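**Student:** Give the three-dimensional model of this entry:
(chains A and B)
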Amino acid sequence: DAKTTQPPSMDCAEGRAANLPCNHSTISGNEYVYWYRQIHSQGPQYIIHGLKNNETNEMASLIITEDRKSSTLILPHATLRDTAVYYCIVRRLLAGNMLTFGGGTRLMVKP
Amino acid sequence: DTGVSQNPRHKITKRGQNVTFRCDPISEHNRLYWYRQTLGQGPEFLTYFQNEAQLEKSRLLSDRFSAERPKGSFSTLEIQRTEQGDSAMYLCASSPRDRSAGANVLTFGAGSRLTVL
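**Tutor:** Numbering: from 1, shown residues only, chains lettered A, B, ... in the order given. Now for the predicted structure:
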C-alpha cells in the first residue's frame, strides 16, 4: 500500500471549514483513499473514501487531485466535537483487508 | 444492532496474569479484526478473521497472544503471562462481506483498555 504523509497537528476555529491535507504521491491506479477519525477514548470511525472523483457525504467532503497524489478532507463547518485525530489511509481492494494507520493529524477545533 | 461491542472496557491486572477480551461484531459482518493502540500512536494491526478462519497474523502477535472466533460470530483475544509492555487499548473492528471498496470500511468498537502493573 502507498505511504501517506499528514501534518501532525492543525487548529481550526469553530464554525469554519477544516481542510486536512494528505500526501500519497506513490499511490497506484487501483488504490482508494480512506479517511477515519478517532475521538479521544473511542475507536476509529470511518468518514469517507474515494478513488479519483470527489466525494461528499453527511460528514465530510473528499477532494482528490487529478494526479491522485494528494487529497484533502473537508469538514465544512467544524464543531468542537470534531476535535480528533484524522487518519488518511491508502488501500487496494481485497488486499488482505489490513488497514495500516499512520500517525494521523490531530485536529483541534477551538471556540 | 448497536455496533461492535467489546468487553471488558477496562482491565487492570498484575504482570504474569492471563487476560481475555471479547468482541461481538455487527451480526451481518463476516470479517473481524483486532488492533492494538498505545498512547499517542495509531492503531496497529494484530490479526484478522474471515468467518471462523484466522487469515492474517501480525508479527506483533507473539506466542503469548491467541485469538479465536469459534462459529464465526464473537471473537476472543487472550494474552497469557502479561507483561507491562502489553498495556494498551485493544480494538476490535468488523466489516461486511463485500468485494467493493466497502470491504475496507471497518466499524470499530470502543476498545478494551489493559493496564498491566
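
**Student:** Pull the residues that contact stretch B:65-74.
**Tutor:** Taking CB atoms under 8 Å, 6 or more residues apart in numbering or on different chains as the criterion, the residues outside stretch B:65-74 that touch it are B:22-25, B:27, B:30, B:32, B:34, B:46-47, B:49, B:51-52, B:54, B:61, B:75-80. Backbone N, C-alpha and C define where each C-beta goes, glycine included.

**Student:** Averaged pLDDT, it. What do you get?
**Tutor:** Across stretch B:65-74, the average pLDDT comes to 93.

**Student:** Quick check: buried residues in it?
**Tutor:** Of the residues in stretch B:65-74, those scored as buried under the neighbour-count criterion (16 or more other CB atoms under 10 Å in any protein chain shown) are B:65, B:67, B:69, B:74.

**Student:** can you list those in TSV and add secondary structure?
**Tutor:** Conversion of the buried residues of stretch B:65-74 to TSV gives the following (DSSP: H, G, I helix; E, B strand; the rest coil):
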residue	secondary structure
B:65	strand
B:67	strand
B:69	coil
B:74	coil
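
**Student:** ok, of the residues you listed, which one's closest to residue A:72?
**Tutor:** Distance to residue A:72 across the buried residues of stretch B:65-74 (CB to CB) is lowest for residue B:67, with 36.7 Å.

**Student:** In terms of helices and strands, where is residue 59?
**Tutor:** Reading this off chain A. Assigned by DSSP states H and E, residue A:59 falls within no helix or strand.

**Student:** how much space between it and residue A:71?
**Tutor:** The span separating residue A:59 from residue A:71 equals 15 Å under the rule CB to CB, to the nearest Å.

**Student:** Please say which of these two ends up with more neighbours.
**Tutor:** Neighbours of residue A:59 and residue A:71, each counted by other CB atoms under 10 Å in any protein chain shown, are more numerous for residue A:71; the result is 23 against 15.

**Student:** what about the residue nearest to residue A:16 when sequence neighbours are not counted, which SS state?
**Tutor:** Using CB to CB, 6 or more residues apart in numbering or on different chains and skipping the chain neighbours, the partner closest in space to residue A:16 is residue A:78 (6.1 Å). Classification of residue A:78 using three-state DSSP returns coil.

**Student:** Looks like residue A:78 contacts residue A:15 (just checking).
**Tutor:** Yes: counting by CB atoms under 8 Å, residue A:78 does reach residue A:15; the two are 7.0 Å apart.
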